[in-house]
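> Just need the structure, nothing else, for what follows:
(6 chains)
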Protein chains: 6
Amino acid sequence: MNIMYDEYSWPEMKELLPKVRGVIVPLGSVEEHGYHLPLCVDNALGFEMSKRLAEKTGCLLLPIFPFGQVWSTRNFPGAISLSEETIVSVLVEVALSLKRHGVKNVIFHSGHLGNAPAMKKAARVLYDNYDFKNVFYFAYPDYVKLSQGVMEAPMWKGNGMHAAEFETSMMLAVRPELVHLERAVIEYPEDTCTMDFRCMPWEEYTATGAPGDPTISTKEKGEELIRRLVGRMTELIDQFIK
Amino acid sequence: MNIMYDEYSWPEMKELLPKVRGVIVPLGSVEEHGYHLPLCVDNALGFEMSKRLAEKTGCLLLPIFPFGQVWSTRNFPGAISLSEETIVSVLVEVALSLKRHGVKNVIFHSGHLGNAPAMKKAARVLYDNYDFKNVFYFAYPDYVKLSQGVMEAPMWKGNGMHAAEFETSMMLAVRPELVHLERAVIEYPEDTCTMDFRCMPWEEYTATGAPGDPTISTKEKGEELIRRLVGRMTELIDQFIK
Amino acid sequence: MNIMYDEYSWPEMKELLPKVRGVIVPLGSVEEHGYHLPLCVDNALGFEMSKRLAEKTGCLLLPIFPFGQVWSTRNFPGAISLSEETIVSVLVEVALSLKRHGVKNVIFHSGHLGNAPAMKKAARVLYDNYDFKNVFYFAYPDYVKLSQGVMEAPMWKGNGMHAAEFETSMMLAVRPELVHLERAVIEYPEDTCTMDFRCMPWEEYTATGAPGDPTISTKEKGEELIRRLVGRMTELIDQFIK
Amino acid sequence: MNIMYDEYSWPEMKELLPKVRGVIVPLGSVEEHGYHLPLCVDNALGFEMSKRLAEKTGCLLLPIFPFGQVWSTRNFPGAISLSEETIVSVLVEVALSLKRHGVKNVIFHSGHLGNAPAMKKAARVLYDNYDFKNVFYFAYPDYVKLSQGVMEAPMWKGNGMHAAEFETSMMLAVRPELVHLERAVIEYPEDTCTMDFRCMPWEEYTATGAPGDPTISTKEKGEELIRRLVGRMTELIDQFIK
Amino acid sequence: MNIMYDEYSWPEMKELLPKVRGVIVPLGSVEEHGYHLPLCVDNALGFEMSKRLAEKTGCLLLPIFPFGQVWSTRNFPGAISLSEETIVSVLVEVALSLKRHGVKNVIFHSGHLGNAPAMKKAARVLYDNYDFKNVFYFAYPDYVKLSQGVMEAPMWKGNGMHAAEFETSMMLAVRPELVHLERAVIEYPEDTCTMDFRCMPWEEYTATGAPGDPTISTKEKGEELIRRLVGRMTELIDQFIK
Amino acid sequence: MNIMYDEYSWPEMKELLPKVRGVIVPLGSVEEHGYHLPLCVDNALGFEMSKRLAEKTGCLLLPIFPFGQVWSTRNFPGAISLSEETIVSVLVEVALSLKRHGVKNVIFHSGHLGNAPAMKKAARVLYDNYDFKNVFYFAYPDYVKLSQGVMEAPMWKGNGMHAAEFETSMMLAVRPELVHLERAVIEYPEDTCTMDFRCMPWEEYTATGAPGDPTISTKEKGEELIRRLVGRMTELIDQFIK
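Just a heads-up that it's a prediction; the model follows:
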């Protein structure tokens, strides 16, 4: 089956949509990823993992919604910063369109962690106001646990993966031509905890925008991480959608 | 110059954005385009023309915002239907992000005519509330005039180009593998005028969703149309941005 | 039948409203109309044509909502500028009130072209959220075609009728005492097209606020134009409301 | 001076608006006024008193905004019921338009008591968000006190004037041809007080929609009431605008 | 019966809520009350009267929502000023929660007069949008009449009770330790009426923030006032809820 | 110093507020806490800890905003469920009131974890729209780590403290008379993880509403937990506010 939702004509969709297992709505962002990675990391990873997930689960795949909630990094040059409200509106209207056509399950899948609250909010709006309960949302589910045994450098603050070994390795697997590993530097900002209890844009404590150690990233690690993440999501979808 | 906005890193953007001539924000839609074309026509055409426009004008190109205002065709299977308000919010927030980074000119460019009111509204919001006046919007500008001498079949109602000879020819130029010309049929719905004065979803008067004659479309016509449209937009941008 | 909706008492309305063919909601604006016409042109023309339309079609007529969307001319002294959102809210709430009383058809009729998007939006809100589909909207329907053979001067840009021969002639028919033809001047601004692709308030390209040639206006032309426009709308209503 | 705001051209307004003492924005409603009065009472009275007030105070007069907040009577046939939010939006945008043109004082004047909260709210929005403090609002100011010695019948609940001797007399002065005094009946609903502490539409306790005694209304009383009300408002404006 | 709503566990509530006569939602404010009273007056009085009312009527009592609409006094140090919209949202969502659990009657009871419009608006939203009609609202009902024979000093403008003999006496009954009667001063601002027709923060005409004569307040007067007010509300609830 | 914000008069506040170190805004909720605890747990704990925190840090304390975001438990009898938007509005307007009076630091402190996203959102609104950056938010900061060595039973899913040993112990310290330990039961729902990736109200997987082991709770544990939490927050405030 061709997984690309929008490569079908409407008469084909008339047949297909009521029978399809689910539709994946990929999300990403345009934001800084350190000195060594391009702004498109979350879109590249989000879309690639969505494709593999669609293939493994028999779902259709929509084009990616490429802008995200990037409050913390919005002052880094190039960031495209959407409000949570706007992202919620897009997701709700996309899901309602799918529901209108008979789609039974919708999966929001983000390559950007910062979209998680918006996805959850959208799912609640769909649940509460439209009685649409079969909406699922993923953003690197269980990634800390899943990366054990693959990652070598410690994650910053225990879970920091932004533009570090984690994302850099995956980009080496997906879009190696856009990775400039030679520019990567190690930076572990002092963990003052204060960013958890107040508004604190990232430029206040990281010079690179990439806290962690991206220098030891490899394509192999990236492939394994993607394999595990897609596997975990496949398991979860199998659990949700019998 | 690489035209892809999101393939740069943030330090590169710090240099580039304040100096770049403008940034193009492509829009499209996911909606029916008759029996013979896929749902992605507006995204395919919008992105391809945006790329050529960026190259000719020295602008950078963002990833495409792939969902549009498709009220009239929303009941055809597969349509993803956003409200005008949501599209306006996305466009305003994208443009404000660009303004924050020092970008001087923003061009909204849609491969879907139905996004025109939203683009205009967004430009007014930016003008009124944020004093951002250098915002331009295009959706097949002057296409009726520009298609004279290229098109052979009459446009439905004088300006109907949706999924007809006009768009089908362009798709043959851009994504020929997705065009099933053998399924194309000629349909000229009776023009009762009533759709101009009341709400009237397209399924009430067109069986195919493609009013006009797509059967005589050719790749050559499509190439010429794209050439003219991109040329016209290039002229306009040269007029706006000295 | 007395066409004035609000000159009836409520017990009379209890009888009348469920049986009436439709109710006309007239709209206008307060905005500049050149050196020679007063700000009330759209209200005067909108209300006069609404009256004639009500008489010809057997509809009732509400008082006029006299403020409009005049973004382009809002900087000319005296303009009262409402947002589209506000106009939509007024129209939706008026139509819902009529629906509650059993009115079957509602006709929004504007003497100001700039209200057209708001009327269309309101009709869609009523259609989508309240299942009220019998809502129609007119703003000088087919006026370019209908004025052929009556108008002598070319319309600016092919369709410019604001405060020019078209509207001035109609004002001579409706409120001649408010027309100062001796102050009228001919002005055809250079058509740079740029106002179609960016925000561009009228004061940037017209000195008079009346692009065209109002000097050759006559009462007879105005009467004929009104006759044709009201005739066209009557035809359309006969087509909509059997 | 011609008091009608919208009968001037924009070059005249350019001179006039920055010098004028103030602009009156009349409000009314379309709602039931008993068996004997038409729906337009509040518009007729509001506009007539506004005209007299403009003449006495040297203010300009806008066309009337003819729809009001009529929650309590919205179920009586013919009522046009706007939300408070919508009325506030209209008033705020009208006042901001006037402020933009240099108008120094704005007077909201309603012929319908139910618009009072919306006028007050709009004035607060203008004060808080736009630093526009010279906004005044009237709806029959001090009418209970001013009607002493003119009215003969007791007001229902001490202050009920809707469609009773008070308004009926004024309509006999302003639009006598629309008054059917022969249909008027006396009705004093039992005052249970409960309508002050819960939502209670008028149809739950009044059969006529006109609580009080309209039968003894006279044109002379109406003229005197209007004289007193306009006099009181003139005094207040003289106090506000030195 | 323990009247405190939130001291029950959920299994207890499962039994209790569908059978309880009603739930009282107390409101107050944090705002100035002259030189001699603390900011918490409305919360203290509102909660104490709510408790007595709950006991007399067999209703449950929620914790107090302690912030109110205090536009007029918001510039006095310490005031916590909420918008009407926010208060309405809180009240509507609280009432809908109660409705979901089977509660049949909801009583909003405010110790602050300025919350009255928000309570009425919330009740209308519940009535219109959620078909919840058994919502009642009190804020010192009939207090002018009820205080006759108890109060000695005249109320400012005939009904001014804020921080004057009325409220001060009640505070002496409820929280005497917070009353500094020795700081109380008599102040009767000149009644220019203008505060009824324009936005006019209290600091423009009162130095103390306590117009009236609080100096002759006594605990006995306060007890009697509370007794009468609670008695009146009990009567009204008996009338509403059979 | 008396820490109770609202027990001062406005002249006292005029002196005090510009000099005070900060103001604490306590939040709570009304929601189920198992068979053995009342609905008021979050209010009781939130207010008690806020009091101790105010005393230790020299801050003033506002009355508690007693309703929270309880989406997950809203179907348990008695829950009062506010939307995130409404809580954000309340917090923003409270903080702006404090800012207007010269308060330099505002601390949102919630006794309910579910309010954390609303507090963070409110802080961002204050930061972005009002340039108010000194806003801090706490909801049991670092509670998992801080409870090590005190708690004996495992937390459900590693961090579940709702109505379990953690909260029950604290309630025994704060409001022992409201704790019915004899009704407490042990319940560890199977951890299917699915509640992290979809909307899943608690009643779908917990019978008690109290996942964990509350039966071994003691007052001593509760006192120690409060001491640690208040100590941690005091440290953080000392770090933020020099």
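
> In this structure A:Ala164 contacts A:Pro214, no?
Yes: A:Ala164 is within contact range of A:Pro214, at 5.3 Å (criterion: C-beta atoms under 8 Å). Heads up, the C-betas are built off the backbone N, CA and C, glycines and all.

> what do those two both touch?
Counting by C-beta atoms under 8 Å, 6 or more residues apart in numbering or on different chains, no residue touches both A:Ala164 and A:Pro214.

> Assign whichever residue of chain A sits closest to chain D to helix, strand or coil.
Proximity to chain D, evaluated over chain A using C-beta to the nearest C-beta, is greatest for A:Glu85 at 19.0 Å. Secondary structure, DSSP: H, G, I helix; E, B strand; the rest coil: A:Glu85 is helix.

> Next, the buried residues of the longest helix seen in chain A.
The single longest helix within chain A, with elements called by DSSP state H, is helix A:219-240. Along helix A:219-240, these residues count as buried under the neighbour rule (16 or more other C-beta atoms under 10 Å in any protein chain shown): A:221-226, A:228-230, A:232-233, A:236-237, A:240.

> Tell me how many other residues crowd A:Lys145.
9 (other C-beta atoms under 10 Å in any protein chain shown).

> With A:Met119 instead?
Neighbour number of A:Met119 under other C-beta under 10 Å is 25.

> Any figure for the gap between the closest residue to A:Lys157 other than its chain neighbours and A:Tyr140?
Sequence neighbours aside, A:Asp191 is the residue nearest to A:Lys157 in space, at 5.3 Å (criterion: C-beta to C-beta, 6 or more residues apart in numbering or on different chains). Distance, A:Asp191 to A:Tyr140, by C-beta to C-beta, to the nearest Å: 21 Å.

> mind listing what the residue in chain A positioned nearest to chain E touches?
Nearest residue of chain A to chain E (C-beta to the nearest C-beta) works out as A:Asp128 at 11.4 Å. With contact set as C-beta under 8 Å, 6+ apart, A:Asp128 has no partners.

> And the one 4 residues further on, by the same measure?
A:Phe132 is in contact with A:Ala95, A:Leu96, A:Lys99, A:Val106, A:Leu126, counting by C-beta under 8 Å, 6+ apart.

> Just flag the most distant two among these.
Distances among the contacts of A:Phe132 were taken as C-beta to C-beta; the most separated pair is A:Leu96 and A:Val106, at 9.6 Å.

> These two - which one has more neighbours?
A:Val106 (26 against 18).

> And that one, what's its pLDDT?
pLDDT, A:Val106: 98.

> Make sure it is actually in contact with A:Arg21.
No: using C-beta under 8 Å, A:Val106 is not in contact with A:Arg21, being 11.0 Å away.

> Show me what the longest helix of chain A is packed against.
The helices and strands touching helix A:219-240, judged by 3 or more C-beta pairs under 8 Å, 6 or more residues apart in numbering or on different chains; DSSP states H and E, are helix A:41-57, strand A:135-138, helix A:143-146, helix A:165-174.

> and B:Asp42, which of these is closest to it?
helix A:41-57 (19.1 Å).

> Please see if the closest one touches chain B.
Yes: shown here: helix A:41-57 in contact with chain B (C-beta under 8 Å from any C-beta of the partner chain) through A:Asn43.

> A:Pro26 reaches A:Cys59, doesn't it?
No: if you go by C-beta under 8 Å, A:Pro26 and A:Cys59 don't touch, sitting 11.1 Å apart.

> Quick check: bridge partners of A:Glu187?
Counting by DSSP bridges, A:Glu187 is bridged to A:Gly212.

> any idea how far it lies from chain B?
Applying C-beta to the nearest C-beta, to the nearest Å, the value for A:Glu187 to chain B is 14 Å.

> Next one: that residue from E:Asp238, what distance?
Taking C-beta to C-beta, one finds A:Glu187 at 71 Å from E:Asp238.

> how close does the most centrally placed residue in chain A get to A:Arg232?
Nearest to the geometric centre of chain A sits A:Gly111, at 1.5 Å (C-alpha atoms, centre = their mean). Counting by C-beta to C-beta, the gap from A:Gly111 to A:Arg232 is 15 Å.

> cool, A:Glu177 as well?
A:Glu177 is 28 Å from A:Arg232, by C-beta to C-beta.

> Sketch out the low-pLDDT regions of chain A for me.
Along chain A, no part satisfies pLDDT under 70.

> Could I have the CA atoms of stretch A:7-15 written out in PDB?
Taking Å, rounded to 0.1, in the frame of the first residue of the first chain, the C-alpha atoms of stretch A:7-15 are listed here in PDB:
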ATOM      1  CA  GLU A   7      -1.100  10.900  -3.400                       C
ATOM      2  CA  TYR A   8      -4.500   9.300  -3.700                       C
ATOM      3  CA  SER A   9      -7.500  10.800  -5.600                       C
ATOM      4  CA  TRP A  10     -10.800  11.400  -3.900                       C
ATOM      5  CA  PRO A  11     -12.600   8.400  -5.400                       C
ATOM      6  CA  GLU A  12      -9.700   6.200  -4.100                       C
ATOM      7  CA  MET A  13     -10.000   7.800  -0.700                       C
ATOM      8  CA  LYS A  14     -13.700   7.100  -0.600                       C
ATOM      9  CA  GLU A  15     -12.800   3.400  -0.600                       C
END
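
> Look at the nearest residue to A:Gln239 once chain neighbours are set aside and say how many residues are nearby.
Spatially, and ignoring its direct neighbours in sequence, A:Gln239 is nearest to F:Thr194 (6.5 Å; C-beta to C-beta, 6+ apart). Using other C-beta under 10 Å, F:Thr194 is surrounded by 14 other residues.

> Let me see the contact set for F:Thr194.
Here F:Thr194 is in contact with A:Leu236, A:Gln239, A:Phe240, F:Met200 (C-beta under 8 Å, 6+ apart).

> same check, this time on A:Ala118
Contacts of A:Ala118 by C-beta under 8 Å, 6+ apart are A:Gln69, A:Glu84, A:Ile87, A:Val88, A:Leu91.

> how about TSV for those residues, with neighbour count added?
Output for the contacts of A:Ala118, formatted as TSV (neighbours: other C-beta atoms under 10 Å in any protein chain shown):
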residue	neighbour count
A:Gln69	26
A:Glu84	20
A:Ile87	29
A:Val88	23
A:Leu91	26
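
> which one of the residues you listed is nearest chain F?
Using C-beta to the nearest C-beta, the contacts of A:Ala118 come closest to chain F at A:Glu84, 7.5 Å.
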